[in-house]
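Engineer: No letters, just coordinates:
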């Protein structure tokens, strides 16, 4: 495979025999050095080849994690937290060796407080599991990245998804954390109160830190009452531009739309084939409205009118819960659907996000460049947030394609920054975007981040080599 | 005055003659050592006696601030940022001497981007000024602490106010910052995009850091479309408990109420007298609904029904903008109104915030203790957030009253923490709540905060002696 070599090359830090012995003693067969286990933990859903850790420990409690990190701290060995492996920027690759802490068995919903609209979960609980377990309370957790990610992973990457336009991202929805720090100490941040002005916002410092400042083991989240009424609509447009301009106006008018997803014709085609749908294969917005019966009707009428003004067609409705579930499941599987349209390909996804008024420019120019390049691509977007993913389907054996996609990716990020946006709306920095972060934040801000990193992790053992170079 | 001596006593760090000379050279008569100017800058709205800084510099630009901080860094002299002086926890007292940087002249709205629902302001712009200046765009900024505070001060204390129940606090509404760091460097954080997963969340680290990590000089904020319809209602209740239980149910049902303010009979009486209103002097909820015409009607009907179930009376409506302005202005002046009910008194305000289901317990027990103590008090609350202020009107010459109020304050905080809440919903830690922060966050979390503080401000010059002991 000719995937570009973006990995910072540093000497791996070997796990000393004494540490391995101590791990085996405590964890028994929950401590594995089997090649298959290591290989599976050294990759994510990105296009990059696996870089396996030296050892994988399956933790079942905060105390387990603290024990691993205390040993890692003693021996100055890297620690990489692992949820379900669905990140997209090389977050999980063991570029400096070390121990991967698998949190998948920490999958307990610790405490539901429906009367306060809060829930506390272990880091390995997935978003689908969480929603299944709280369904009886009449509440739900809205954040939904494409994958059925773990809540810990979602907090670590500051994830969002299709509902963020109304409900915010993990940034807005995490109330508090239990974190194992780089010294192996257990710290709690935040409270269950909705707001607080008490001291530095450690919760939001850990959210989005991608495992580089500590391992989150428990997360307290906000929940929301299931809306009285929900309706989902599909609206086809003559062009992507028309769909985007409709979205811009929806947001500018303050319509409290719950979901507003763009799919280009390529994405629609892939989704149809993969999920057996029969959506018309032109650019479309997939929308959802939450509220009272009257409120939902009112929002939908407003949006239909805006859409018509931009050449959008009559809404097609998905009114039953089953139809909606089918539609959104198909949307969430778009990544895998698209992968199947070019056999043997790897997918490289972009993730820029810009102020809403600049979205048309951001998307249109990116698509013109993609068309010119001639490499298959597809577009989906959380366009209500100004965020979209233009994803290339790359022949992994073509160095040319990798180089072209990399060049186009840089151009997209440069454009997003020029439009006062960000290089990543929701996937995070990981390995791949480290140089983009410097472009975006500037060396002075990155120096502050580095100062914080070294203050909290002086031995640079927490997921080292990611986010910022230390 | 017998106000309790809560100030950490450390040796003031004198401003060396060379630094004073340099300041005078650069700033001329914008650099003042006049006693009256120093005195005015060494206090806030709290009950504590002023501790004046050695010198006050009136800055007019980020470069001005950077020049002061660079000098202060060179000479290891404390720097205290000052907006309008409306903080409530001793934030502005120069407990270690030094220079106060007055940002009041940095009162320019730098850039309005209505098409993106964003605005960038200098730190000295006040919330009322901001709303005047953006009114023509059809947008508004909802965060409204009681005082007409500066946006910089509001960001520094993670302020909220009456609209937070729907629109969030400064935590949710600051998109980006220009900050002068402790070395005098200028750093920009965030972008104008609505969300980002790019690196550590420096924006939210500075928000709520109370001037201890750097001086915010420009702030980029979210704006919101003025709602199509607004209506405000007053609902009297037979008891505070009934009003609080109504609130709890409103929140649990997910009614998107925009404002939900509790006033006890004492607060109503003070407000009536101060603002010439004639509200019935029993506990009441002051509510506001935002939305479409139909949406507002629907919300109000739902809430009226909930209120009736708890013995609440028929709503009285404030439907015209003028009536509403009069009502909310009166509410915002409650602090000054209450001060006038006991001539010569000082006011000590509490600020706990708890998960919504624990609010009744939190308020009821606090009021029982206040009644038993026999010191005049009044209660207002952003009860939709679980946050309320029980404020004592203290005879400043009575050591007994000070001691009693301090004891009751400790009990209130202990109760809030037991109920999984916070010692401060919106006023911040300042001087007064430093021990409470340790109780709330625990020594391990405070140690992380200290590590961050020393990483970003190794000479401990940024508002030293506040938030955490270094």
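Structural biologist: It's in. Worth saying up front: this structure is predicted, and the values here are computed from it rather than measured.
Engineer: How about the residues of the stretch 1-150 of chain A by chain B?
Structural biologist: Within the stretch 1-150 of chain A, the positions adjacent to chain B are A:113-118 by Cβ under 8 Å from any Cβ of the partner chain. All C-beta atoms are positioned from the backbone trio N, CA, C, and that covers glycine.
Engineer: Kindly indicate which of these lies nearest residue B:301.
Structural biologist: residue A:117 (22.3 Å; Cβ to Cβ).
Engineer: Contact partners for the closest one?
Structural biologist: Counting by Cβ atoms under 8 Å, 6 or more residues apart in numbering or on different chains, residue A:117 touches A:139, A:222-225, B:251-252, B:356.
Engineer: May I have the phi/psi pair for it?
Structural biologist: phi 60, psi 40 (degrees, to the nearest 10).
Engineer: next one: residue A:441
Structural biologist: Per degrees, to the nearest 10, the backbone of residue A:441 is at phi -90, psi -30.
Engineer: what's the neighbour count on it?
Structural biologist: Neighbour count of residue A:441, defined by other Cβ atoms under 10 Å in any protein chain shown: 27.
Engineer: The residue lying closest to it once chain neighbours are set aside - how many residues pack around it?
Structural biologist: Distance criterion Cβ to Cβ, 6 or more residues apart in numbering or on different chains; nearest residue to residue A:441, sequence neighbours excluded, is residue B:199 at 5.9 Å. Around residue B:199 there are 30 other residues, counting by other Cβ under 10 Å.
Engineer: among the contacts of residue A:117, who's most crowded?
Structural biologist: Of all those, residue B:356 has the most neighbours under the rule other Cβ under 10 Å, reaching 27 neighbours.
Engineer: Give me the local confidence score for it.
Structural biologist: Residue B:356 is assigned 96 on the pLDDT scale.
Engineer: all helices in the stretch 201-350 of chain A, in order from the N-terminus.
Structural biologist: A:202-206, A:240-252, A:265-275, A:293-309, A:321-332, A:334-339 (DSSP state H, counting those that start in this stretch).
Engineer: Can you lay out the ones you listed as TSV showing distance to residue A:258 and mean pLDDT?
Structural biologist: What follows is the helices of the stretch 201-350 of chain A, written out as TSV (distance: least, Cβ to Cβ, whole Å; pLDDT from 0 to 100):
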stretch	distance to residue A:258	mean pLDDT
helix A:202-206	24	98
helix A:240-252	12	96
helix A:265-275	20	96
helix A:293-309	9	96
helix A:321-332	11	93
helix A:334-339	19	93
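Engineer: Between those, which one is closest to chain B.
Structural biologist: With Cβ to the nearest Cβ, the closest approach to chain B among the helices of the stretch 201-350 of chain A belongs to helix A:202-206: 4.0 Å.
Engineer: re the thing from before, next up, the contacts around the residue nearest to residue A:441.
Structural biologist: Residue B:199 neighbours (Cβ under 8 Å, 6+ apart): A:208, A:429, A:437, A:440-441, A:445-446, A:449, A:467-468.
Engineer: Would you map out the domains in chain A?
Structural biologist: Following automatic domain parsing, one finds the domains of chain A at A:17-102, A:109-225, A:229-418, A:438-470.
Engineer: from these, which stretch is densest packed?
Structural biologist: Compared across those, domain A:109-225 shows the largest average neighbour count, a mean of 23 (mean count of other Cβ atoms under 10 Å in any protein chain shown).
Engineer: Between the two ends of it, how far is it?
Structural biologist: Using Cα to Cα, to the nearest Å, one end of domain A:109-225 lies 18 Å from the other.
Engineer: so residue A:417 makes contact with residue A:441?
Structural biologist: No: judged on Cβ atoms under 8 Å, residue A:417 makes no contact with residue A:441 at a distance of 10.1 Å.
Engineer: Kindly report the residues of the stretch 201-350 of chain A close to chain B.
Structural biologist: Near chain B, when you scan the stretch 201-350 of chain A using Cβ under 8 Å from any Cβ, you find A:201-202, A:204-205, A:207-209, A:213, A:224-225, A:227, A:248, A:251-254, A:291-292, A:294-295, A:298.
Engineer: picking up where we left off before, looking at the domains of chain A, which is nearest to residue B:169?
Structural biologist: domain A:109-225 (5.1 Å).
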